[in-house]
Each structure stands twice: as structure tokens, then as C-alpha cells.
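**Student:** pasting the sequence and the predicted coordinates here, then a few questions.
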Amino acid sequence: MTKSGKPKSTTAMTESITGKDSPEAKAFQKKIDADITIEPKDWMPEAYRHTLIRQMSQHAHSEIVGMLPEGNWIGRAPSLRRKMILLAKVQDEAGHGLYLYSATETLGISRDQMIEQLHSGSAKYSSIFNYPTLTWADMGAIGWLVDGAAIMNQVPLCRTSFGPYARAMVRICKEESFHQRQGYEIMIAMAHGSPAQKVMAQSAIDRWWWPSLMMFGPPDADSPHSAQSLKWKIKRTSNDTLRQKFIDVTVPQAEFLGLEVPDPDLKWNKKRDHYDFGEIDWDEFYQVISGNGPCNKERLDARIKAWEDGKWVRDAALAYEQKKQAAAA
Ligand code: FAQ
């Protein structure tokens with residue numbers, strides 16, 4: 001039996017009989033090395049399946065929980081135009097969550113199981129969504145920095161080794177790039193607006209900069225999953241490499257806005273051809289991902305309430321389907 005209580009799949013049984021050096025396992029790694037995508041019905045090691053379920057479901061949960069901080073501002077957007085754009089962006093995030101749940105289901109886990117894991121705290125979602133959105137400028141900072149970091153991490157995932165995940169990421173990245181632009185456009189308006197707006201823009205970057213850098217995950221040396229995930233090409237680039245790329249691209253954008261990046265150690269390093277940057281507060285990161293961030297409880301409570309409030313809809317849809325099937329029979 002698997003952890004979820006489901007009977008072990010035949011592939012898992014085959015794997016436990018044949019082991020890591022089995023012809024299937026060798027053929028699998030050969031396909032990965034040749035950049036041939038793995039599809040749901042192909043043989044795969046159970047650990048590969050589990051790693052994908054973990055990463056993809058956490059990614060899906062991040063998209064869904066990620067709607068909450070911005071949803072907070074839809075009713076308070078400063079104009080109809082801004083409200084329409086923000087609404088469209090938040091709806092896109094819902095769509096991303098749904099593609100990713102569907103893609104994860106092809107690995108043999110149900111959506112109900114994934115949601116149960118989120119609600120019980122056994123599955124994570126991105127640390128970034130545990131911070132509050134205090135002013136309208138936070139909508140700009142989220143689009144610019146959070147979606148900017150998400151794109152940096154997700155473009156390489158368009159070449160991840162599992163076909164359904166890679167294909168979902170192509171569309172998601174296109175939409176994320178619209179999100180990044182809308183955020184930067186808000187930042188331009190605020191940074192070049194009234195003195196009070198500029199103060200709000202600066203306060204937003206002050207609060208979102210460091211948590212955005214944490215989105216890429218722990219340093220490579222402390223990342224337990226990276227080595228194997230890189231070997232399997234689930235991850236295509238390491239946490240630290242992506243974080244550095246994000247900093248290198250984003251600092252000139254902050255300069256263009258006339259805003260200060262809140263890092264006194266930030267400095268261009270000619271020799272490395274990269275920015276040097278200050279120490280990230282990894283204690284804060286581990287606190288947030290273990291449930292002790294500023295909004296963890298609020299976010300989970302909101303998701304659990306939405307799930308409970310939506311029960312009658314799921315029940316009605318199921319009853320309708322059963323009625324249709326009975327009539328057809
Ligand atoms: N937050 O060994 P690693 C978005 C956990 S989408 C929380 O390095 P891995 C769109 C990690 O799960 C944002 N937990 O792990 C949007 C593991 O714990 P576990 C989401 C984190 O998987 C924008 C442990 O630490 N994007 O923003 C985080 O190889 C605006 C050890 O770490 C994705 O999910 C974190 N930041 O690498 C939506 C992208 N970092 O599972 C709305 C896909 C690490 O053993 C509004 N995911 N952990 O309990 C990935 O690329 C990878 O999973 C990483 C982590 C890079 C996040």
C-alpha cells in the first residue's frame with residue numbers, strides 16, 4: 001500500500017522487484033539524458049513520481065493561495081481599469097492552479113488528496129504568500145517582484161522532464177509575463193507619482209525584496225532535493241543560479257524606477273559579472289515555511305473555509321453526474 005492508502009501501482013511493484021539498476025530504470029535515465037519527455041503512462045521510478053507530485057502540487061497550491069493577497073485589493077483598486085486588470089490577473093492564477101492540479105492528477109493522486117494535504121499542512125505552498133498586502137503599491141511589487149521571480153524559476157520548467165508539467169508551464173509563463181508587466185507599470189505610476197505615492201512604492205520594495213529572494217528556495221548547499229531533481233531534469237537550474245539571475249535583472253529595473261533596493265551590501269562585481277548581495281535571513285524563511293509567517297493561519301483558514309463553503313457545489317455536481325449515468329444505463 002502507498003502512504004495515501006491506495007494500493008501500490010504495478011509500476012511501483014515492478015520497480016521494487018527490479019531495483020534501481022533494472023533495465024527499466026536505465027532506459028528511463030537514458031530518456032532523461034536524451035531530453036525525451038516522460039509521459040504519464042511511461043515507466044518511472046516511484047521516487048520520481050513522488051518528487052513530481054510534491055513539487056507540482058505545491059506549485060498548484062501556491063497559485064491558489066497566491067490569489068488571496070491580491071484578492072484583498074480587487075475591491076479597493078484605484079480605478080476601473082486597474083480593477084479589471086487585477087481581476088484578470090487573479091483569474092489567471094486560478095487557471096494556473098487548475099492546469100497544475102490536472103497535470104499532477106496524471107501521476108495518480110486525486111485533487112481531493114492534494115487539497116487534503118494542503119489543509120493538513122503536509123503540503124507546502126510558496127513562502128511569499130504568507131506576507132500581508134498593506135497598500136496598493138504592494139500590487140505593483142507583487143507583479144514586478146513576485147511574478148518576476150516566478151517567471152525566472154518557471155521558464156526553465158518549460159523544459160522539465162515530465163511532459164504534462166512542461167506543457168502547462170509554456171502557457172503559464174506567457175501569462176506570468178503579462179503579470180510582471182502590469183506590476184511594473186503600477187510601480188512606474190507610483191514611483192513617478194506624488195511624493196506620498198513614491199513613499200508607498202519604496203515601502204513596498206522594502207517589504208517584498210527579501211521575501212522575493214527567498215522564493216527560489218534554500219541555498220544549493222542546503223537544498224535536500226536539488227541534486228536528484230537536477231539529475232532527473234525536474235529542475236533545470238539550481239536555486240542559487242536562478243536567484244542570482246533574478247537579482248541581476250531586477251536591480252537595474254529598480255534603478256529605472258528611482259527606488260532603493262533595501263540591501264546595503266548590493267554591489268556590482270565586475271570580476272563575477274554579477275551583483276554581490278547581502279545575507280538572506282534564512283531563519284525567517286524556515287519560520288515561514290514551517291507555518292509561523294505573518295499570514296500562514298489566515299491563508300489556510302481562508303482556503304479551508306472556501307473548501308467547506310463549496311461542498312454543496314461539489315455534491316450537486318456529483319449527484320447530477322450520477323443521475324445522468326443512471327439515465328444512460
Ligand atoms: N516556499 O530542496 P529544496 C507564483 C521547501 S508560483 C515554501 O530546494 P525543491 C505565481 C521545499 O518545498 C510560486 N517552501 O526543494 C504567482 C522543500 O520542502 P519539502 C511557486 C519552499 O522542491 C505569482 C524544502 O523547502 N512556484 O508565485 C520554498 O527542490 C503571484 C527544501 O527545498 C513553484 O512552486 C518556498 N519559497 O525546490 C501566483 C515553482 N522553497 O517539500 C500568485 C516550482 C523551498 O521537502 C500571485 N517549484 N521550499 O517539504 C520549484 O521550482 C521548487 O519546488 C522550489 C524548491 C525551487 C520552490
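**Tutor:** Yep, that arrived. Numbers count the residues shown, from 1 in each chain.
**Student:** where do the strands of this protein begin and end?
**Tutor:** 267-269, 274-276 (DSSP state E).
**Student:** off-centre distance for the last one?
**Tutor:** Think strand 274-276. The chain centroid and the centroid of strand 274-276 are separated by 25 Å under C-alpha atoms, centre = their mean, to the nearest Å.
**Student:** run through who's touching it.
**Tutor:** 244, 247, 248, 251, 265, 266, 267, 268, 269 (C-beta atoms under 8 Å, 6 or more residues apart in numbering). To be clear about C-beta, it is placed using only N, CA and C from the backbone, and glycine gets the same treatment.
**Student:** what sits against residue 297?
**Tutor:** Residue 297 neighbours (C-beta under 8 Å, 6+ apart): residue 291.
**Student:** same check, this time on residue 260
**Tutor:** Residues in contact with residue 260 (C-beta under 8 Å, 6+ apart) are 202, 205, 254.
**Student:** would a markdown table of these with neighbour count be doable?
**Tutor:** What follows is those, written out as a markdown table (neighbours: other C-beta atoms under 10 Å):
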| residue | neighbour count |
| --- | --- |
| 202 | 19 |
| 205 | 23 |
| 254 | 20 |
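**Student:** nearest to residue 300 among those?
**Tutor:** residue 205 (27.3 Å; C-beta to C-beta).
**Student:** interface residues of the stretch 1-150 of the chain facing the ligand?
**Tutor:** 54-55, 58-59, 62-63, 66, 93, 124, 126-127, 142, 146-147, 150 (C-beta under 6 Å from any ligand atom).
**Student:** next step: these restricted to helices.
**Tutor:** Among these, the members falling in helices (DSSP state H) are 54, 55, 58, 59, 62, 63, 93, 147, 150.
**Student:** which of these are buried, as a PyMOL select command?
**Tutor:** In PyMOL syntax, the buried subset of these is picked out as below (16 or more other C-beta atoms under 10 Å):
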select buried, resi 54+55+58+59+62+63+93+147+150
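**Student:** list the buried residues of the longest helix along the chain.
**Tutor:** In the chain, taking DSSP H as the definition, the longest helix is helix 163-191. Applying a neighbour-count criterion of 16+ other C-beta under 10 Å, the buried positions in helix 163-191 are 163-166, 168-169, 172-173, 175-177, 179-180, 182-184, 186-191.
**Student:** same deal with stretch 125-140?
**Tutor:** Of the residues in stretch 125-140, those buried (16+ other C-beta under 10 Å) are 125-131, 133, 135-140.
**Student:** could I get the average pLDDT for it?
**Tutor:** What stretch 125-140 shows for mean pLDDT is 98.
**Student:** give me the contact status of the longest helix of the chain with the ligand.
**Tutor:** No. With C-beta under 6 Å from any ligand atom as the measure, helix 163-191 is seen stopping short of the ligand, the closest distance being 6.5 Å.
**Student:** show me what that helix is packed up against.
**Tutor:** helix 80-105, helix 137-141, helix 147-154, helix 195-214, helix 239-257 (3 or more C-beta pairs under 8 Å, 6 or more residues apart in numbering; DSSP states H and E).
**Student:** quickly compare those and say which is most buried.
**Tutor:** helix 137-141 (a mean of 27; mean count of other C-beta atoms under 10 Å).
**Student:** just to revisit the earlier point, and the helices and strands packed on helix 163-191: which comes nearest residue 326?
**Tutor:** Among the helices and strands packed on helix 163-191, helix 80-105 sits nearest to residue 326 (C-beta to C-beta), with 25.2 Å.
**Student:** show me what the closest one is packed against.
**Tutor:** helix 46-65, helix 67-74, helix 111-120, helix 163-191.
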